[in-house]
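Peer 1: below: sequence and its predicted model.
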Amino acid sequence: EREMDKIDKFTHEKLSEIKTKIDALVERVANAASGADHMSEGDRNAATAEAKELGDSFLHIEKFANLNYLGFHKILKKHDKQLPATPCKRFYITRLHQQRWIQQDYSQLFVNLSKVHSMLRGETGLRAKGLSVVNSGVASTTQLYWVRVENISKIKHFVLQHLPLEARDGAADSLLCSTVFFDNTQLELYHGRLEKAVQAPEIRVRWFDTEEPDQKVYIEKKIHVDGWNGDETTLRGISVQAYQVMPFIRGEYTVEHFARDLRTDGVPDEEIQAASATFEELYREIDAKQVEPKLRVVNKRVCFASPKEDSIRVVLNTGISMRLESPRDGPDCFQEGRWHRNPKKPLPASEITNFPHAVLEIRMRHEPGGEAPPPPAWVADLVSTGLLTHVHKFCKFMHGCAALLPEDVQTLPYWIDDETIQPSIVAPQALAKRAFAGDDEGELKARNGARSKGPRDVPHGPANGMNIMANRSHSAIGEPLKAGKKPGKKNGYGTIPVHDEPGGAPRIPLLTAPFARPVSWFSILCCDMDSDQGKIPLKIEPKVFLANERTMLNWMEMAVTLATIAVGLLGFTSEWSQHTSGERYAHVVGMLLLPVAVVFCVYSLHTFHWRGKQIRYRESVLHDDRGPLLLGMVLEATLVTIFALNVFEGHAPKA
């Protein structure tokens with residue numbers, strides 16, 4: 001108890017000092033920007049260095065607090081393991097959640113640091129930019145990266161030194177974003193996107209700030225183009241009121257009604273004409289594909305963009321939660337006359353999955369059909385830090401469909417086999433299977449486990465100004481995809497462990513049985529040092545399996561050679577009683593070589609099976625150090641024995 005209070009007091013004092021210094025720096029730089037005070041070039045450089053130092057200090061305090069809370073968790077876990085009769089972990093975990101580091105939100109510190117850097121660069125500072133009435137033909141090339149949850153603050157601190165945050169004054173640095181994706185019963189849009197079909201569309205309805213749509217929403221069509229330099233997309237969309245979406249899908253809200261509403265709002269005729277064309281294109285696409293709401297993605301967005309030019313935009317998506325929009329049991333959304341899920345209906349744990357990593361998007365905007373401009377030099381510096389893991393063409397919609405609709409998908413995306421995300425994928429499928437089998441007790445247990453296992457919507461870092469789903473935890477990605485998991489936190493900023501009963505996630509080859517059985521793992525809010533190391537999500541090519549087959553055939557060739565010699569020696573010798581000295585020697589040599597050939601054959605088959613399983617499981621260990629050594633020793637011993645027999649017989653073997 002004393003140690004927790006000491007850490008809480010020290011952390012709070014240091015953060016208060018940092019906050020005071022940042023506020024003073026903001027005031028000093030703002031006065032210089034307004035012309036009240038003069039700031040020379042040397043003063044600007046000093047202010048920039050001071051802002052960077054304050055950000056680094058905050059990151060150090062973050063690491064200090066998280067490591068100490070991780071230590072508390074380990075001590076409590078060890079105590080309950082050694083003294084099961086007097087458990088105390090749950091009580092003190094609750095106490096940890098009451099610490100100010102957890103309860104308070106420190107995202108405003110990064111907002112103020114962004115103000116300082118943007119004013120020192122001569123920019124207008126923060127901006128809060130929403131979509132316009134029409135978003136027609138905006139083309140961009142996007143690079144997508146997975147980010148470890150404990151590295152979110154580092155990414156923010158790095159990017160805000162080059163691009164200002166998009167945020168409202170006094171608000172947190174992140175914005176709640178909800179997106180409903182549409183597809184038909186055959187998941188045509190999913191498979192078209194996965195198979196990289198030409199002009200594969202993605203239809204979605206998006207809104208911000210609220211969990212449920214109540215005012216303006218954006219109906220968008222995103223067209224993906226396979227490119228060498230990234231995921232090139234073209235975005236077209238319109239903005240309507242939430243209550244107008246369902247009449248729009250049914251064809252009751254026509255383009256004439258839409259144009260009339262735009263004129264009432266005072267929109268210029270040029271924008272009305274472009275918006276009407278986009279309106280008709282969206283309706284034709286929805287009507288032709290016969291789409292319906294399939295999946296909702298909820299996440300917090302931290303956006304960085306310059307107010308001077310919009311060629312580059314960086315978006316950090318944290319706390320990504322994916323859920324089915326139409327329930328498995330009962331009427332779907334369209335049958336209820338809705339385009340989104342009824343919020344009054346419960347959301348079963350089997351219909352939700354939480355992505356355990358943050359996703360960073362680096363978008364380079366350009367004219368449709370043109371080439372994207374080269375990214376600034378600082379982007380290459382950011383990628384080279386090792387904080388990012390590039391995942392080509394990652395898509396939240398495809399991931400959610402693959403995880404929640406396995407019975408409908410025909411092909412899985414390549415990253416689905418990464419073991420760092422397996423628990424979040426397998427858990428909802430296990431719950432669905434148990435519910436389908438009528439195992440009420442098993443479903444209840446699995447629900448209770450999944451409620452603490454899946455990643456939470458409010459991730460680690462100052463991005464979380466809102467606690468969307470406080471009953472879920474957040475796991476993390478490896479370094480990059482190579483280190484232990486470190487999930488997010490509850491309500492505030494720090495990372496506190498909230499563990500249920502211990503268990504281990506099974507290792508399932510997702511290429512063959514992606515949702516074979518339920519798993520049990522920790523729902524933790526801190527780094528799990530005991531977890532398995534992650535692997536970089538790579539697509540297995542056929543040549544890997546063919547190389548394994550060639551290796552087996554090479555070993556088989558040696559076995560066949562030895563067996564041929566042994567069988568030949570045994571077949572061309574007469575009975576033992578009629579053997580001459582030389583024939584007796586040849587018979588012994590054949591009897592020695594034949595078992596060696598059998599051992600070579602058995603080893604080649606065993607290694608082929610073992611290495612194939614390692615490849616399916618994405619294991620990094622594919623080389624056998626002991627097998628070839630032992631076989632070489634057996635063959636050498638056989639040859640030494642033959643040589644000794646030759647010396648003993650007193651004559652050389654015949655050719």
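Peer 2: Structure received. Residues are numbered from 1 along each chain as shown.
Peer 1: give me the phi and psi for residue 337.
Peer 2: phi 70, psi 30 (degrees, to the nearest 10).
Peer 1: let me see the contact set for it.
Peer 2: residue 246 (C-beta atoms under 8 Å, 6 or more residues apart in numbering). No exception for glycine: its C-beta is placed from N, CA and C like everyone else's.
Peer 1: so how far is residue 272 from it?
Peer 2: Between residue 337 and residue 272 the computed distance is 29 Å (C-beta to C-beta, to the nearest Å).
Peer 1: pLDDT averaged over stretch 47-56, what's the number?
Peer 2: The pLDDT scores in stretch 47-56 average 91.
Peer 1: all helices for the stretch 201-350 of the chain, in order.
Peer 2: With helices called from DSSP state H, counting those that start in this stretch, the stretch 201-350 of the chain shows them at 245-250, 255-264, 269-289.
Peer 1: any low-confidence regions in the chain?
Peer 2: 36-37, 124-138, 168-170, 226-232, 368-370, 432-541, 574-582, 618-620, 649-655 (pLDDT under 70).
Peer 1: where do the strands sit along it?
Peer 2: 134-147, 175-183, 200-208, 216-227, 230-241, 292-305, 312-324, 352-354, 358-366, 388-390 (DSSP state E).
Peer 1: got the CA positions of the second one in PDB?
Peer 2: Right, the one you point to is strand 175-183. Extracted in PDB, the C-alpha atoms of strand 175-183 (Å, rounded to 0.1, in the frame of the first residue of the first chain):
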ATOM      1  CA  LEU A 175     -11.900  11.700 -31.800                       C
ATOM      2  CA  LEU A 176     -14.400   8.800 -31.600                       C
ATOM      3  CA  CYS A 177     -15.100   7.400 -35.100                       C
ATOM      4  CA  SER A 178     -17.800   4.900 -36.000                       C
ATOM      5  CA  THR A 179     -18.000   3.200 -39.400                       C
ATOM      6  CA  VAL A 180     -20.700   0.800 -40.600                       C
ATOM      7  CA  PHE A 181     -19.500  -1.300 -43.600                       C
ATOM      8  CA  PHE A 182     -22.000  -2.700 -46.100                       C
ATOM      9  CA  ASP A 183     -21.800  -5.900 -48.100                       C
END
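Peer 1: partner strands of it and their direction?
Peer 2: Strand 175-183 pairs in its sheet with strand 200-208 (antiparallel), strand 292-305 (antiparallel), by DSSP bridges.
Peer 1: likewise the fourth one?
Peer 2: Neighbouring strands of strand 216-227 in its sheet, by DSSP bridges, are strand 200-208 (antiparallel), strand 230-241 (antiparallel).
Peer 1: and the longest one, how far out from the chain's middle?
Peer 2: Same thing as strand 230-241. 23 Å (C-alpha atoms, centre = their mean, to the nearest Å).
Peer 1: what angle sits between it and strand 358-366?
Peer 2: 90 degrees (axes from the mean of the first three to the mean of the last three C-alpha atoms, to 10 degrees).
Peer 1: ok so, going back, dump the strands of the chain into JSON lines; add distance to residue 94 and mean neighbour count as well.
Peer 2: Output for the strands of the chain, formatted as JSON lines (distance: least, C-beta to C-beta, whole Å; neighbours: other C-beta atoms under 10 Å):
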{"stretch": "strand 134-147", "distance to residue 94": "29", "mean neighbour count": "20"}
{"stretch": "strand 175-183", "distance to residue 94": "27", "mean neighbour count": "22"}
{"stretch": "strand 200-208", "distance to residue 94": "33", "mean neighbour count": "21"}
{"stretch": "strand 216-227", "distance to residue 94": "39", "mean neighbour count": "19"}
{"stretch": "strand 230-241", "distance to residue 94": "43", "mean neighbour count": "20"}
{"stretch": "strand 292-305", "distance to residue 94": "25", "mean neighbour count": "23"}
{"stretch": "strand 312-324", "distance to residue 94": "22", "mean neighbour count": "23"}
{"stretch": "strand 352-354", "distance to residue 94": "22", "mean neighbour count": "27"}
{"stretch": "strand 358-366", "distance to residue 94": "27", "mean neighbour count": "22"}
{"stretch": "strand 388-390", "distance to residue 94": "34", "mean neighbour count": "20"}
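Peer 1: and these: which comes nearest residue 284?
Peer 2: Closest to residue 284 of these, according to C-beta to C-beta: strand 216-227, at 10.1 Å.
Peer 1: got the strands paired with strand 216-227 as a markdown table, with distance to residue 31 columns?
Peer 2: Listed next are these as a markdown table, based on distance: least, C-beta to C-beta, whole Å:
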| stretch | distance to residue 31 |
| --- | --- |
| strand 200-208 | 33 |
| strand 230-241 | 39 |
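Peer 1: can you tell me which of those strands is nearest to residue 381?
Peer 2: When the strands paired with strand 216-227 are compared by C-beta to C-beta, strand 230-241 sits nearest residue 381, at 18.0 Å.
Peer 1: tell me what the top helix by length along the chain is packed against?
Peer 2: Ordering each helix of the chain by length in residues (DSSP state H) puts helix 41-82 first. Where contact means 3 or more C-beta pairs under 8 Å, 6 or more residues apart in numbering; DSSP states H and E, helix 41-82 is packed against helix 2-34, helix 89-97, helix 107-120, helix 152-160.
Peer 1: reformat those as CSV; add distance to residue 297 and mean neighbour count.
Peer 2: Supplementary listing: the helices and strands packed on helix 41-82 in CSV, determined by distance: least, C-beta to C-beta, whole Å; neighbours: other C-beta under 10 Å:
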stretch, distance to residue 297, mean neighbour count
helix 2-34, 32, 15
helix 89-97, 27, 16
helix 107-120, 21, 23
helix 152-160, 18, 23
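Peer 1: distance to residue 61 for the ones you listed - can I get that in CSV?
Peer 2: CSV is the format used below for the helices and strands packed on helix 41-82 (distance: least, C-beta to C-beta, whole Å):
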stretch, distance to residue 61
helix 2-34, 5
helix 89-97, 17
helix 107-120, 10
helix 152-160, 10
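Peer 1: out of those helices, flag the one nearest residue 323.
Peer 2: Here helix 152-160 is closest among the helices and strands packed on helix 41-82 (C-beta to C-beta), at 22.4 Å.
Peer 1: that closest one packs against which elements?
Peer 2: Against helix 152-160 (3+ C-beta pairs under 8 Å, 6+ apart) you get helix 41-82, helix 107-120, strand 292-305, strand 312-324, strand 358-366, helix 377-383.
Peer 1: for residue 200, find the nearest of the ones you listed.
Peer 2: Ranking the helices and strands packed on helix 152-160 by proximity to residue 200 (C-beta to C-beta) places strand 292-305 first, at 15.5 Å.
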